[in-house]
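1. What shape does this take:
(chains A and B)
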Amino acid sequence: MVEIRMRVNGAEVSAELEARVSLLDALRVRLGVTGPKKGCDQGACGACTVLVDGRRILSCLALAVQYDGSEVTTIEGVDHPLQAAFVRHDGFQCGYCTPGQICSAIGMLAEHAAGAPSAATEHVAGAPALTRTEIRERMSGNLCRCGAYNGIVAAIEEVAP
Amino acid sequence: MKDFGYRVAVDVAGAVAAVAAEPGARFLGGGTNLVDLMRSGVEHPDTLVDITRLPLDAVDELPDGGLRIGALVRNSDLAAHPAVRRRYPVLAQAVLSGASGQLRNMATVGGNLLQRTRCAYFYDQATACNRREPGSGCGAIGGFTRTHAILGTSPSCLATHPSDMCVALAALDAVVEVESVRGTRRVPLLDLHRLPGDTPHQETVLEPDELVTAVELPAAEVAAVSRYRKVRDRASYAFALVSVAAGLVVRDGAVVAVRLALGGVATKPWRAVEAERVLTGAPATEDSFRAAADAELATAVVQEDNGFKVELARRTIVATLHRLATEGSAA
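-> Down below sits the predicted model:
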């Protein structure tokens, strides 16, 4: 067993875990933070997306022990204009992917603000504008089986600077 | 997933000593491939030595004008680095074309070099796989082979190498720096991965206790005039059916320097040496590009479902070189 300490949504937490426990399971099962969802559990769907030290990652492929000392933000710790925008634009139907979508979009907007290009960027050395094409490419790691993609893109577009 | 021991390495010497001392120990970087394979039961290490706190996350200038990339630089940081985007656009584009934003934030350069095939028969333990279990056979041969390789295959294995980053590194003559308890050595990227032959489970020339510490990119004029083009089943977040990393310098209508590497079609990151030989000194025309592609693909061996890759690779090579010749790089 390994003891880890993290800040989760602003609160100091600690847990004693087997090394094989994922960050997703540690959050959901050990710490009762059930916003991040288990979709595929293999890094393909994005439902488990959380922010670690401000960067979006997949908590299902993260071993919790690797994140000892980290600052973790899940949807429970988010207070962001994207949330109301998702409601306004019908950016969800069943809602299962939504916590991951919103955490991913927050991380994505920060990456774009820092000047990062994407696979949709025509001139990779330049600073790309956040077009609908760019948003779709940058959010491609978050699947929505209800197919609310148009609303998701519209919500992000409204909130993007 | 079976449980395992976990240790955090605080320096490189300690990390390589810890893995050398225990046959069942493995290095753990971003975990995006290894954790997935452990959960699938394909990998089952006894101990993981976490290397993510080692100071190997810098991108430094080399005296000759090249770049040295630490093994723990995250894929997203590599692709966003200004010098990579300006001087090696093919590498930035290749990295950005792989996985998703979340995965690129986790995955390391060293881990990307060593990622394992996504062949469905390698993952499915109900089927035979010489790569997963030496001598058990190959489920892909006579199976569903649409995503499998047409270059570098053997009667033991048809699996494609999955990395986009490695295809760009193959075109750029990258060199991999490796450390172990026996010291440091440098391995050209093109020599890092092995062809499957009759030992497909031996994927690289590295010993189990050798740690990738850096990748070096030499300076080259052709690197700045380069592009990566990836063809796949959907617009994003999918492995390549065919990909092309290319660099091209044309003077007075003739090719003076060319780099070409292929992904999605071969069992290792594939430098197209035959195509480069045909093109060097030739007129920079579509006829030359087609002749070069044909020369490279002459040795292709197709299976039941992947014959389309020959024509798709030919067209993607020609289109990528044509675009470089007419518009220049993606930078």
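
2. Leaving aside the residues adjacent along the chain, what's closest to B:A128?
-> Nearest residue to B:A128, sequence neighbours excluded (C-beta to C-beta, 6 or more residues apart in numbering or on different chains): B:G137, at 3.5 Å. Quick note: C-beta positions are derived from backbone N, CA and C, even for glycine.

3. Likewise for B:L321?
-> Nearest residue to B:L321, sequence neighbours excluded (C-beta to C-beta, 6+ apart): B:F289, at 4.4 Å.

4. Just checking, which helix or strand succeeds the helix or strand harbouring that neighbour along the chain?
-> Using DSSP states H and E, B:F289 sits in helix B:286-297. Later in the chain than helix B:286-297, the nearest helix or strand by DSSP H and E is helix B:308-327.

5. so what does that following helix touch, helix or strand wise?
-> Under the contact criterion of 3 or more C-beta pairs under 8 Å, 6 or more residues apart in numbering or on different chains; DSSP states H and E, helix B:308-327 touches strand B:226-231, strand B:242-251, strand B:254-263, helix B:286-297.

6. Could you list the buried residues of that helix?
-> B:309-310, B:312-314, B:316-325 (16 or more other C-beta atoms under 10 Å in any protein chain shown).

7. now the helices for chain A?
-> A:23-25, A:81-88, A:98-113, A:132-138, A:149-159 (DSSP state H).

8. measure B:D64 to chain A for me?
-> B:D64 sits at a distance of 21 Å from chain A (criterion: C-beta to the nearest C-beta, to the nearest Å).

9. so what's the closest residue to that residue other than its chain neighbours up against?
-> In space, and not counting its chain neighbours, B:D64 is closest to B:A219: 5.3 Å by C-beta to C-beta, 6+ apart. Going by C-beta atoms under 8 Å, 6 or more residues apart in numbering or on different chains, B:A219 touches B:L62, B:D64, B:G65, B:G66, B:R87.

10. and B:L78, that one's in a helix?
-> Yes: assessed with DSSP: H, G, I helix; E, B strand; the rest coil, B:L78 lies in a helix.

11. that older thread, with respect to A:G100, which of the contacts of B:A219 is nearest?
-> Nearest to A:G100 among those: B:R87, at 35.2 Å, using C-beta to C-beta.

12. in terms of contact, does the closest one touch B:S226 like I think?
-> No: here B:R87 does not reach B:S226: they are 9.4 Å apart, not a contact under C-beta atoms under 8 Å.

13. could you dump the helices of chain A to JSON lines with distance to chain B, mean neighbour count and mean pLDDT?
-> Listed next are the helices of chain A as JSON lines, based on distance: least, C-beta to the nearest C-beta, whole Å; neighbours: other C-beta atoms under 10 Å in any protein chain shown; pLDDT from 0 to 100:
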{"stretch": "helix A:23-25", "distance to chain B": "10", "mean neighbour count": "24", "mean pLDDT": "98"}
{"stretch": "helix A:81-88", "distance to chain B": "16", "mean neighbour count": "16", "mean pLDDT": "98"}
{"stretch": "helix A:98-113", "distance to chain B": "6", "mean neighbour count": "23", "mean pLDDT": "98"}
{"stretch": "helix A:132-138", "distance to chain B": "5", "mean neighbour count": "20", "mean pLDDT": "98"}
{"stretch": "helix A:149-159", "distance to chain B": "12", "mean neighbour count": "20", "mean pLDDT": "98"}
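
14. which secondary structure elements does the helix holding B:F289 contact?
-> Helix B:286-297 sits against strand B:254-263, helix B:273-279, helix B:308-327, with contacts defined as 3+ C-beta pairs under 8 Å, 6+ apart.

15. please redo it, this time with the cut-off set to 10 Å
-> If you count contacts as 3 or more C-beta pairs under 10 Å, 6 or more residues apart in numbering or on different chains; DSSP states H and E, helix B:286-297 packs onto strand B:242-251, strand B:254-263, helix B:273-279, helix B:308-327.

16. Name all residues that make contact with the residue in chain B positioned nearest to chain A.
-> In chain B, the residue that lies nearest chain A is B:S100 (2.4 Å; C-beta to the nearest C-beta). B:S100 makes contact with A:43-46, A:49, A:56, A:58, A:104, A:137-143, B:106, B:236-237, according to C-beta atoms under 10 Å, 6 or more residues apart in numbering or on different chains.

17. Not counting residues beside it along the chain, what's closest to it?
-> Nearest non-adjacent residue to B:S100, counting by C-beta to C-beta, 6+ apart: A:G141, 2.4 Å away.

18. pretty sure that neighbour contacts A:L61?
-> No: counting by C-beta atoms under 10 Å, A:G141 stays clear of A:L61, with 11.6 Å between them.

19. quick revisit: could the helices and strands packed on helix B:286-297 go into TSV alongside mean pLDDT?
-> Below are those laid out as TSV (pLDDT from 0 to 100):
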stretch	mean pLDDT
strand B:242-251	98
strand B:254-263	98
helix B:273-279	98
helix B:308-327	97
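
20. Reformat these as TSV; add distance to A:R28.
-> As requested, the helices and strands packed on helix B:286-297 are arranged in TSV below (distance: least, C-beta to C-beta, whole Å):
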stretch	distance to A:R28
strand B:242-251	37
strand B:254-263	37
helix B:273-279	51
helix B:308-327	42
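
21. ok, back up a step: and B:R87 and B:S226? Which one has more around it.
-> For B:R87 versus B:S226, the count of surrounding residues by other C-beta atoms under 10 Å in any protein chain shown is larger for B:S226: 30 against 23.

22. Bridged to the more buried one, which residues?
-> The partner list for B:S226 in beta bridges (DSSP bridges) reads B:G247.

23. who touches it in this structure?
-> B:87-94, B:168, B:171-172, B:220, B:245-249, B:259, B:320, B:324, B:328-331.

24. Residue ranges in chain B under the pLDDT threshold?
-> Judged against pLDDT under 70, chain B has no low-scoring part.

25. what does the domain assignment say about the chain?
-> By default, I'm working from chain A. Split into domains by automatic domain parsing, chain A comes to A:2-77, A:81-159.

26. nope, chain B
-> Chain B breaks down into these domains under automatic domain parsing: B:5-53, B:222-327.

27. ok, the residue nearest to B:A128 touching B:P200?
-> No: counting by C-beta under 10 Å, B:G137 does not reach B:P200; the two are 11.2 Å apart.

28. and those two? which has more neighbours close in?
-> Between B:G137 and B:P200, counted using other C-beta under 10 Å, the more crowded position is B:P200 (24 against 13).

29. Might you report the residue contacts of the residue lying closest to the more buried one once chain neighbours are set aside?
-> Using C-beta to C-beta, 6+ apart and skipping the chain neighbours, the partner closest in space to B:P200 is B:C157 (3.6 Å). Residues in contact with B:C157, defined by C-beta under 10 Å, 6+ apart, are B:117, B:119, B:121-122, B:129-131, B:138, B:140-141, B:148-149, B:195-201, B:267.

30. Now the phi/psi pair for B:C157, please.
-> phi -160, psi 140 (degrees, to the nearest 10).

31. Bridge partners for it, pull those for me.
-> Judged by DSSP bridges, the bridge partners of B:C157 are B:S154.
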